[in-house]
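Novice: What would the 3D arrangement of this be:
(chains A and B)
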Amino acid sequence: MKHATSYDNKSQEHWFMWLITGFFLIYTFLPLIATLLFSLARRWTTTILPESWTINAYVQVFRDPAFVGTMGRSLFLSILASIIEVGVVILALLALNIGKNRIGDWLEALAIIPVALPGVVLAIGVVSFYGEFLPVLLGQPVLLIGAEAAFGLPFVYWTLQNSFRAINVKLLYEAACTLRCTTFQFLTGILIPSLKRGIAVAGAMAFATAFDDFALAQLIVGAGWETYPVLLNKYFRIDGHQTSAMSMIAIIITFLFTSVAGYLSQPDQNVQKEDDFIIQKKASDMGETVKA
Amino acid sequence: MKQLRLKGISKWFGTFQALKGIEITVGAGEFVSLLGPSGCGKSTLLRIIAGLESADEGEVWLDDCNFSCVPPQKRKVGMVFQNYALFPNLTALGNISFGLEVQGMDHEKARHEARCWLEKVGLKGFEKRYPHELSGGQQQRVALARALAPKPEILLLDEPLSALDASVRTALRNEIRQIQQELGITAIYVTHDQAEALAMSDRIAVMRNGEIVEMATPQNLYRNPASLFTAEFIGAASRFDGILLSIHPAIGQFGRFTLLLPELAYYAQPGMPITVMIRAESVGLARNTVEDRAITVLRGEVQMNNFMGNIIRLHVGLFQGGTMLIDLPAEDNCIFKTGEKIDIKVFPEACLVYDSKSGSSLLKGVPQAREMIKTAV
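Specialist: Numbers count the residues shown, from 1 in each chain, chains lettered A, B, ... in the order given. Sure, this is the predicted structure:
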């Protein structure tokens, strides 16, 4: 009887988990599916699904000469901003982890600012500041790249900080020091390869943040150096189907870059099956017992 | 083989003084353990020797070279950490060869050397394993091989066995000692485990509150500890606080009973407060013993009975006040029930007598703790 009650409880728990997961998946994917359907719909008014289908919106987008230019600029901007962010944060975190200063507490507080402030406020801040002190940079892509790098910093900082903590960088650095290893050798030979996954995740987040950003791009460079989101905003006023198609292209590109980053961060190990390890570990430890 | 000398090493963390003028010499090829409770400064001292911390005062000398301002990369020390600190992106072989390659050794030669070290620590066939694919004992073996491969002049071990289970710990401590003796390398071993320190060391430096209380061979430290702290910290002993009644013969009064004591040093004075430590294995049962004037017989009741494998440890509540620990061989005729009354014989030689105020030994022939450290220096 007791056994049967326990089984019922487990079954209920199981269904509850499925329900939660299903709800989460619908919540996440419904907007994407709706965008995809709308981008492929010829006519969609009174029915649940589109009445007829077409890829005309995608054809129109790809035919637009501005598409390739804006896409190239956005990719260049996002990749460069990601590299800057990851590079700066890795060096800053290394200094924080191996040093004895307390700048880390300040940095953690500072890292919240770009997230806490709306993009428009940040953009106006950047334009006002550089307009006052370095007007030559106004409207220049370099200013946008710098601003995007700063904007995405918190995501990269928190992701990499967790990776640093997970591998106990200070201890590894000290071990490397006793092996007569320089800081540069440690950085290139140990730290960066050990943080591959963290770097990939942080880079993907930085890429997505910079690639999708509209406010900074519109206010800092605008039409002078048009990026993909700025072009998307233009399409928004022209045609909803083409806007949806552009959104889907942006999503697919972000997804592809994230997947590539994830794939490249896979540890290149000839790992045996987990069971083999457990057996070998046990055998080895038993050997130690016998020796003892 | 190099001799290590520490001259007046002091270290502050804010207002807290972690080390207070440490002065020791570790002979070439010697294995010295720094033994003490957590927070006594032993790991800080080891890190200062490695160059990972800087001393606020004092100097670190390696033979005739002052290493105080030399960065860790140039000190030629090998260090084994408590948490292994293996590089997660490198295999066991890669971890060992890394230290050789950063010094400019040819990749293939470094790999060959690393293979030899893996074999030496009993991990042949584990070359391609990553740290997460190794057990704790195996990881620490790799860490030991990694520290030794670049041929350091001093090997530093910071509680390397404390994260391992008991059986692996025993096996590995013997291996570490064996390898150290084979290489003849000067080694400093930090531990809070007295059994480890006693089993492995040529000498042990007992630390407390940032100071070295006493430094001696394991045998001397155990049999004739020069300080009360050492006597309490090492081994299982019963403590009795009282007053010295007379010097010839030496007798102490401890509440409602007296103890015959061994011969005391000239500075012992009747009436002075004393503390007597009696090792659990130094006392025995006084069953069917004819009265002997040279021993003290105390009566008590068994309060607790701990079977510890090869011995049985009795906690005996003395009728005259206090508790006495007694270690007896774990034989069938030594099974006592709680509440059973027993007689305990205490030989004067079993009593380690200390000045309660200074904690220094009052036994004749046992030097003062301070004098022992100075001699070592």
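
Novice: who touches the helix or strand harbouring residue B:204?
Specialist: Using DSSP states H and E, residue B:204 maps to strand B:203-208. Residues outside strand B:203-208 that contact it (C-beta atoms under 8 Å, 6 or more residues apart in numbering or on different chains): B:24, B:30-37, B:40-42, B:45, B:197-198, B:212-218, B:221, B:227, B:229-230, B:233-234, B:376. (Each C-beta comes from the backbone N, C-alpha and C, glycine too.)

Novice: now, which of the residues you listed lie within helices?
Specialist: Those of those mapping onto helices are B:42, B:45, B:197, B:198, B:218, B:221, B:229, B:230, B:233, B:376, per DSSP state H.

Novice: Of all the residues in the helix or strand in which residue A:132 is found, which ones are buried?
Specialist: Taking DSSP H and E as the definition, residue A:132 sits inside helix A:119-133. Across helix A:119-133, burial judged by 16 or more other C-beta atoms under 10 Å in any protein chain shown covers A:119, A:122, A:123, A:126, A:127, A:130.

Novice: three-state assignment of the nearest residue to the third one once chain neighbours are set aside?
Specialist: With C-beta to C-beta, 6 or more residues apart in numbering or on different chains as the measure, residue A:219 is the residue that lies nearest to residue A:123, at 3.7 Å, once sequence neighbours are left out. When classified by DSSP: H, G, I helix; E, B strand; the rest coil, residue A:219 comes out as helix.

Novice: for the longest helix along chain A, packing partners?
Specialist: What stands out as the longest helix in chain A, according to DSSP H, is helix A:2-40. On a contact count with 3 or more C-beta pairs under 8 Å, 6 or more residues apart in numbering or on different chains; DSSP states H and E, helix A:2-40 meets helix A:56-63, helix A:240-264.

Novice: now that helix: mean pLDDT?
Specialist: Helix A:2-40 shows an average pLDDT of 85 in the prediction.

Novice: So what's the gap between whichever helix or strand comes after that helix and the chain middle?
Specialist: Later in the chain than helix A:2-40, the nearest helix or strand by DSSP H and E is strand A:41-43. In terms of C-alpha atoms, centre = their mean, to the nearest Å, the gap separating the centre of strand A:41-43 from the centre of its chain is 33 Å.

Novice: Just the buried positions in strand A:41-43, please.
Specialist: Neighbour-count burial for strand A:41-43 [16+ other C-beta under 10 Å]: residue A:41.

Novice: same check, this time on stretch B:139-154
Specialist: Result for stretch B:139-154 [16+ other C-beta under 10 Å]: buried residues B:139-150, B:152-154.

Novice: which of the residues you listed sit farthest apart?
Specialist: B:139 and B:153 (24.6 Å; C-beta to C-beta).

Novice: so who does the closest residue to chain A within the stretch 251-377 of chain B touch?
Specialist: Proximity of the stretch 251-377 of chain B to chain A (C-beta to the nearest C-beta) peaks at residue B:309, 14.0 Å away. Listed by C-beta under 8 Å, 6+ apart, the contact set of residue B:309 reads residue B:330.

Novice: Just read off the phi/psi values of it.
Specialist: Torsion angles at residue B:309 (phi, psi; degrees, to the nearest 10) stand at phi 90, psi -90.
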